[in-house]
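**Student:** Quick check, what structure comes out for this input:
(2 chains)
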Amino acid sequence: MKKCLVLLLIVLMAFGVVGCSGGDESDSGKVLYTNIGYDPDSFDPQQSNVLESGIIVNQLYDNLYREDPNGEFVPSLAEGYTVSDDGLVYTFTLRDGITFADGTPITVEDVIYSWTRALEPSNGFEYAYQLYYIKNGAAFNAGEASADELGLKAVDDKTLEVTLESPTPYFASLTGFITYGVVCKEFVEAQETYGVDVDSTLSSGPFVVAEHVKGQYVKLVKNENYWDKDSVNLDELYIYCVEESSTEIQMYETGQLDMTYLNIPSADQTRLSEEGLLKTWSTANTHYIQANYDTEVLSDVRVRKALEYALDLDAIATSVVLNSEAATGFIPRGMTAVDDASKPFKDTDLLEDAGNVELAQQLLAEAGYPNGEGFPTDLELLYTTGEANKALAEAIVQMWKENLNIEVQAVNLEGKVRLDRKNTGDFDFSLDGWTSDYLDPYSFLEIFETDNQYNNSHYSNTEYDDLLKVAKTSSDQSERQEAMVKAEEILLEDMGVMPLYVGTKSYMESDAVSGVVRSELGLMDFKWADKVTE
Amino acid sequence: MFKYILKRIALSIVIVFVIATITFFLCHAIPGGPFDREKPLNPTILENLNKKYNLDKPLGEQYIDYMVDVAKLDLGPSYYYTNQTVNDFIERCFPVSFLLGVCAMLVAVVLGIPAGIISALKQNGWQDNILKILTTILVSLPNFVIASGLMYILGYKLELLPVALWGTPQQMIMPVLALSAYPLSYITKMMKSSMLEVMSSDYIRTARSKGVSKFMVTYKHALKNAILPVITVMGPMFAGIITGSLVVEKIFAIPGLGQQFTEAIFNRDYTMIMGLTIFYSILLISSILIVDIVYAIVDPRIKLGKEKVE
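**Tutor:** This is a model prediction of the structure:
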């Protein structure tokens, strides 16, 4: 008995002793702690294929254009550009005195190398398609053209001439996308695999990577050779990869983190928003139901409208999903008009009739199913396994049951199983969301073009397709704006997609922190971030 | 015994081979592939990726290539984590899970065995009653509840320990405690019943009647025999702790291997699923083998490889 007590004491003491050594607070200026719940496997901008790795890469590299705190793309490594009358040739001029973190000057050669690298087929980079706008970009990536045939030309050390496949009015802002990040040709070629660790990475952006403790955090420090280093306030930036939201919240509440990033579970959302701690960040995403046109009953526009109108979108946005807004169309509300960034893309509500149960019942009756009689009972609504998706799917099915007296089964599937069924057309309804890669309404509308590979519901309307062609190729922004507004109206008149809500992301951030840019695309930029220290 | 061990090792290789084969074909049979994305990849890009990872070859050929690589102990590149091989992952993450498992096992054994003995010796006394309640609670609470509870009390309310992450000894305390709760209670209960059984056996009574002191009987004669069943379960239990630490690892943001296993399946990271399955089977098979050998050493009644000779 005594022996056991002694043993117990020894164990407790062992814990006690180690428990005493305190944390080390280094005197290294302004240090910010954040989390993205993702452990990067590469610091290579061309290889980056998930949003979270994009956040890190965005701190390490600069692009010709960069999104500023106002959400506008402004010249960064470039001073500006001119564009030919036919909208096909962009000429960028590089800023003077720009260098990589080791002091090597950044030249047009490096830009061309970076972009060619993204498209090189043997690299198998997933975001290569972001550069298909460049002449022969798609052909080169498919192995059908050589690198020399790409529409990239160095006029001199400072001047880059880019020829495009077709006029792309938003090309300058596209160069701000992660995949267009500028790497150093000489340095990359000297590495066996570029960007796998600290030593094989060379920055061109506001920060350099100083330490990577795999599975735990990445430590970035200010790049003293960055052309705009005066705008960079932080000395160090720690990016953690804690994946569990409740852990992240506790770390924030105990001061180990300056902000949170992960999706907050609904139970915590209620508590934290009551305490006034939640901030929201509007992101360019729309959540919707895809109804398969190949399921016979769903090919009738009256049925699709009835189903959409039977849904109370406000209730879904505020009490089921929490902290989001009811959709007013397919394009999320944060999107601005392409011909005038000060105006919203549209100010009409294309889903005014949503929640109008009488109209929904009438439409269903007209389609031949009065009070739901004769409506198939074996239809399935597929959703990806998860607490939030489950609540949403069940609310939808319940509203259909109550308002239209029809039975639809909500079926939860593991992520990739659902994708597989969706891609092979084996579904009736699918619960989906879309976040665009670039800020142009076209990035949303193109999904429902006939034959687009994302168009799993097989919606097709030639008038819609024609308008999208205009939106894609015209260099007249007002013409594009008009075409896209009309296209969205047609899409919803056909109810080719059934929008539900536009998302916002909830997060917490300490009052000491300012200047973190949270873009509509879901990225965070710490270039202008600041933290007040005592 | 040496011959027996060799035979067991040969059998183990066959088992691992069968497991690898089944896993390979099961992986490819689940719907969805490693490059299915919420935003489907452009066909050209998908083709480039399949070419890069040799997924464009017929399945049979892929299987042979893979098995040849495995025989050379090369588990292949991860399809999800670019630039990293499965071997890299195991080398980096396994030591973390292993250390966590060893510590949890130590806590369980060091506390569990004495607790079991006390319970048995003071059967129905207050010590036994307290331990009964404690072990019942710990055995029935899932480890994520214990983990969250510890984190809330020790990390958040009392601010005694860092909430999460890995590296310093302080950061190890909560995960180790959370992970050891179940094996600790299990060992306590097992030790107690085994001790009770031994204490009522004839040879103990004989020893007592010969005048050996109670202390000597307990620690010299009873303990040695009572501990045998505990040793039997310890091997698989240890393997179980190492492989089953994923929830605790996730809650405390520990970069161990347990987490990788489930993620690999969600990501359809074929090489990672197969690599980890093979690795874990080897681990489990060898831990059972080691227990069998230890058993033979501790228990003179057992002679390995001579079961059939009567």
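
**Student:** May I have the secondary structure class of whichever residue of the stretch 251-400 of chain A sits closest to chain B?
**Tutor:** Residue nearest to chain B within the stretch 251-400 of chain A (Cβ to the nearest Cβ): A:M251, separated by 5.0 Å. C-beta here means a position set from N, CA and C on the backbone, and glycine is covered the same way. What DSSP: H, G, I helix; E, B strand; the rest coil gives for A:M251 is helix.

**Student:** Pop out the phi and psi values for the closest residue in space to B:L257 that isn't next to it in sequence.
**Tutor:** Counting by Cβ to Cβ, 6 or more residues apart in numbering or on different chains, B:L257 lies nearest to B:C93, which is 4.1 Å off, once chain neighbours are set aside. When read as degrees, to the nearest 10, the backbone of B:C93 gives phi -90, psi -30.

**Student:** contacting residues around B:C93?
**Tutor:** Going by Cβ atoms under 8 Å, 6 or more residues apart in numbering or on different chains, B:C93 touches A:215, B:255-257, B:260.

**Student:** If you count residues, where's the longest strand of chain A?
**Tutor:** Assignment by DSSP state E gives strand A:279-291 as the longest strand of chain A.

**Student:** is chain B contacted by stretch A:452-468?
**Tutor:** Yes: contact between stretch A:452-468 and chain B, assessed by Cβ under 8 Å from any Cβ of the partner chain, occurs at A:453-454.

**Student:** Okay, now the sheet partners of the host helix or strand of A:R66, with direction.
**Tutor:** A:R66 belongs to strand A:65-67 when assigned by DSSP states H and E. Partner strands for strand A:65-67, per DSSP bridges, with pairing direction: strand A:73-75 (antiparallel).

**Student:** Close to chain B: what parts of the stretch 401-534 of chain A are there?
**Tutor:** Counting by Cβ under 8 Å from any Cβ, the stretch 401-534 of chain A comes close to chain B at A:414-417, A:419-421, A:423, A:453-454.

**Student:** neighbouring contacts of the strand holding A:R66?
**Tutor:** In contact with strand A:65-67 (Cβ under 8 Å, 6+ apart) are residues A:73-76, A:78, A:172-173, A:175-176, A:517, A:519, A:523, A:525, A:527.

**Student:** What subset of these is buried?
**Tutor:** A:73, A:75-76, A:78, A:172-173, A:175-176, A:517, A:519, A:523, A:525, A:527 (16 or more other Cβ atoms under 10 Å in any protein chain shown).

**Student:** Just the pLDDT for the residue nearest to B:L257.
**Tutor:** For B:C93, the pLDDT comes out at 85.

**Student:** I'd like the distance between B:R8 and A:N136.
**Tutor:** The spacing between B:R8 and A:N136, counted by Cβ to Cβ, to the nearest Å, is 62 Å.

**Student:** circling back to that earlier point, in the helix or strand that comes right after the longest strand of chain A, which residues are buried?
**Tutor:** Scanning forward in sequence from strand A:279-291 by DSSP H and E, the next helix or strand is helix A:301-309. For helix A:301-309, a neighbour-count test (16+ other Cβ under 10 Å) marks A:302-309 as buried.

**Student:** of the residues you listed, list those near chain B.
**Tutor:** Restricting those to those touching chain B (Cβ under 8 Å from any Cβ) yields no residues.

**Student:** Closest residue of chain B to chain A?
**Tutor:** Counting by Cβ to the nearest Cβ, chain B gets nearest chain A through B:P255, at 2.2 Å.

**Student:** For that residue, which residues are in contact?
**Tutor:** Neighbouring residues of B:P255 by Cβ under 8 Å, 6+ apart: A:39, A:214-216, B:92-93, B:96, B:166, B:249.

**Student:** make it 7 Å
**Tutor:** The neighbourhood of B:P255, defined by Cβ atoms under 7 Å, 6 or more residues apart in numbering or on different chains, consists of A:214-216, B:93, B:96, B:166.
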